[in-house]
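Asks: Return a 3D structure for these sequence lines:
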Amino acid sequence: MALVQIRHERPGDSAAREHLLDLCFGDARRLKTSERLREGRLPAEGLAFTAEHRGCVAGTIRLWHVEAGLRRPALLLGPLAVDPEIQGLGLGAGLMRHALARAGALAHGAVLLVGDAPYYARFGFTPSLTAGLAMPGPFERERFLGLNLRPGALDGARGIVRATGAWGEADAPIPVFGDAGAASRRRVA
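Replies: Residues are numbered from 1 along each chain as shown. Predicted structure coming up:
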């Protein structure tokens, strides 16, 4: 395989990344609980990567801020995708190692994901670390996995996983001060 460069994601990667995700996962990807946790949010700072092959986006991986139960920060990994034309050549594993190493270097303590347990076990992910956790919607328990980047980070974690990351600019909730409906009713009267 020709040279592949793993680099930080750039704003110009967006359309190609979305096309790759559609190619790899189809429209059903938008219905998953993990996607609901990511929706409208920005990936964790410095933890969105693109694999470039022959000048094209050939792979992607992102990590997102979540809370793994009450006041227990973690990252949610996903999606990880590699262009089907070059799958099986180790690019997915390279993206995983790169992203996990960077998350560890940035002092993050733990990573969660929903994925193929045999594939992710080689990176240290295990369902035992998520036994006390649940996703906030439908998920396959046997595919819900965790990894401690820092010893004990997920030990004993209990509760529902919830998104805590920054909102994307266009998706930020509009702050409401007081009763906005009352203000509009006063104008009509």
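Asks: so where's the longest strand in this structure?
Replies: strand 56-68 (DSSP state E).
Asks: now that one: how far from the chain's centre is it?
Replies: The chain centre lies 4 Å from the centre of strand 56-68; the measure is CA atoms, centre = their mean, to the nearest Å.
Asks: can you list contacts of the helix or strand that it is followed by?
Replies: Using DSSP states H and E, the helix or strand that directly follows strand 56-68 along the chain is strand 73-77. With CB atoms under 8 Å, 6 or more residues apart in numbering as the test, strand 73-77 has contacts from 34, 37-38, 44, 47, 61-68, 99, 103, 108-113, 146, 153-154, 157, 161, 163-164. Heads up, the C-betas are built off the backbone N, CA and C, glycines and all.
Asks: what about 6 Å?
Replies: With CB atoms under 6 Å, 6 or more residues apart in numbering as the test, strand 73-77 has contacts from Leu37, Ala44, Leu63, Trp64, Val66, Ala68, Ala103, His108, Ala110, Val111, Leu112, Leu113.
Asks: Stretch 124-134 now?
Replies: Residues contacting stretch 124-134 (CB under 6 Å, 6+ apart): Ala68, Gly69, Phe144, Leu145, Gly146, Leu147, Leu154, Ala157, Arg158, Ile160, Val161.
Asks: rewinding a little: of the contacts of strand 73-77, which is the most crowded?
Replies: Val111 (31 neighbours; other CB atoms under 10 Å).
Asks: Mind checking the pLDDT average for the host helix or strand of that residue?
Replies: Per DSSP H and E, Val111 falls inside strand 110-114. Strand 110-114 comes out with an average pLDDT of 97.
Asks: So what's the gap between whatever helix or strand comes next after it and the chain middle?
Replies: Counting by DSSP H and E, the element after strand 110-114 in chain order, helix or strand, is helix 117-121. Distance, stretch centre to chain centre, for helix 117-121: 17 Å (CA atoms, centre = their mean).
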